[in-house]
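# From the sequence below, what's the structure:
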Amino acid sequence: MDFSDKSVVVTGSARGIGRAIAEQFAAAGASVVVSDLDQATVEKTASEIGGKTIGIVANVTDSEGLESLFKATKEKFGSLDILVNNAGITRDTLMIRMDEKDWDLVLDINLKGAFLATKLAAKIMMKQRSGRIVNISSVVGLTGNAGQTNYSASKAGLLGFTRSAAKELASRGITVNAVAPGFIQTEMTEALSDAAKEKFLQNIPLKRPGTPLDVARAVMFFASKDAEYITGQVVAVDGGLTMQ
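Numbers count the residues shown, from 1 in each chain. Got it, this is the predicted structure:
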């Protein structure tokens with residue numbers, strides 16, 4: 001895929017799945033903005049990715065910071081073509097033990113953050129009459145998961161948000177889709193016990209965990225010309241875990 005004439009913003013991209021997405025877009029020639037919370041980490045990641053990659057610190061719960069992020073992107077690259085809403089966190093525990101602050105924090109970053117970023121990016125894309133927005137949800141947004149009521153709610157909400165935004169923005173040439181990763185090898189999943197990992201693998205038809213690259217490839221498809229007639233859809237990248 002050739003993205004040499006496109007600019008891409010990936011939130012939460014200093015590490016993990018977000019970094020893999022940024023790397024793949026950069027490898028395909030895109031002008032990429034790595035965005036995360038820590039200045040040093042953002043700059044280091046952008047430097048390591050290379051190409052036409054820059055790093056800009058932004059908090060997805062801060063609308064003014066996001067507005068500055070997109071303004072800087074447009075000024076630097078001339079357009080804002082693709083937004084990947086990847087920023088997300090977990091604060092896992094059983095619902096009856098969950099602190100209200102942990103509920104609010106997860107919903108604010110995972111769902112409200114995507115809303116704010118999409119709203120602000122869409123204002124630029126609407127003037128361009130083109131754009132691609134890809135939201136990173138999760139299979140637990142489809143199935144639910146014990147100990148993750150806050151995370152599951154945020155990722156399920158993101159799917160409804162994706163479909164509604166797709167209907168609102170379609171007339172301006174903007175598509176909005178979602179990718180729902182399953183059990184992906186990241187720092188987050190590496191922290192799981194061997195028993196927990198084995199339980200996941202037993203339920204995956206392909207019998208292996210996914211990689212951040214597997215997710216990045218699905219994101220790039222939604223952002224490509226090949227998907228210009230696809231909007232409001234969700235693809236699970238989960239080795240068959242949630243197949244119907």
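# which residues touch Leu158?
The contact partners of Leu158, taken as C-beta atoms under 8 Å, 6 or more residues apart in numbering, are 85, 110-111, 114, 135, 137, 141, 178. Bear in mind the C-beta positions are built from the backbone N, C-alpha and C, glycine included.
# How confident was the prediction at the nearest residue to Ala227 once chain neighbours are set aside?
Nearest non-adjacent residue to Ala227, counting by C-beta to C-beta, 6 or more residues apart in numbering: Phe221, 5.6 Å away. Phe221 carries a pLDDT score of 98 in this model.
# Am I right that Phe221 is in contact with Glu228?
No: assessed by C-beta atoms under 8 Å, Phe221 is found out of contact with Glu228, at 11.1 Å.
# out of the two, which sits in the busier spot?
Per other C-beta atoms under 10 Å, whichever of Phe221 and Glu228 has more neighbours is Phe221, with 16 against 11.
# tell me the SS of that one?
Assigned with DSSP: H, G, I helix; E, B strand; the rest coil, Phe221 falls in the helix class.
# What of Ala178?
Classification of Ala178 using three-state DSSP returns strand.
# residue closest to the middle of this protein?
Central residue of the chain (C-alpha atoms, centre = their mean): Asn86, 2.2 Å from the mean position.
# Off-centre distance for the lowest-mean-pLDDT helix or strand in the chain?
Across the helices and strands of the chain, mean pLDDT, DSSP states H and E gives its lowest value to helix 187-190, namely a mean of 76. Its chain's average C-alpha position is 17 Å from that of helix 187-190, according to C-alpha atoms, centre = their mean, to the nearest Å.
# Repeat that for stretch 114-125.
Relative to its chain's centre, stretch 114-125 lies at 14 Å (C-alpha atoms, centre = their mean).
# Quick one: mean pLDDT for it?
98.
# can you tell me how far Ile184 sits from Val140?
When distance is defined by C-beta to C-beta, to the nearest Å, Ile184 is 12 Å away from Val140.
# likewise Ser35?
Separation of Ser35 from Val140 (C-beta to C-beta): 24 Å.
# So for these two, which residue has more residues nearby?
Between Ser35 and Val140, counting by other C-beta under 10 Å, Ser35 is the more crowded of the two (32 against 23).
# Just give me the neighbour total for Ser4.
Using other C-beta under 10 Å, Ser4 has 10 other residues around it.
# Give me the pLDDT for it.
According to the prediction, Ser4 has pLDDT 97.
# All good on my end, thank you.
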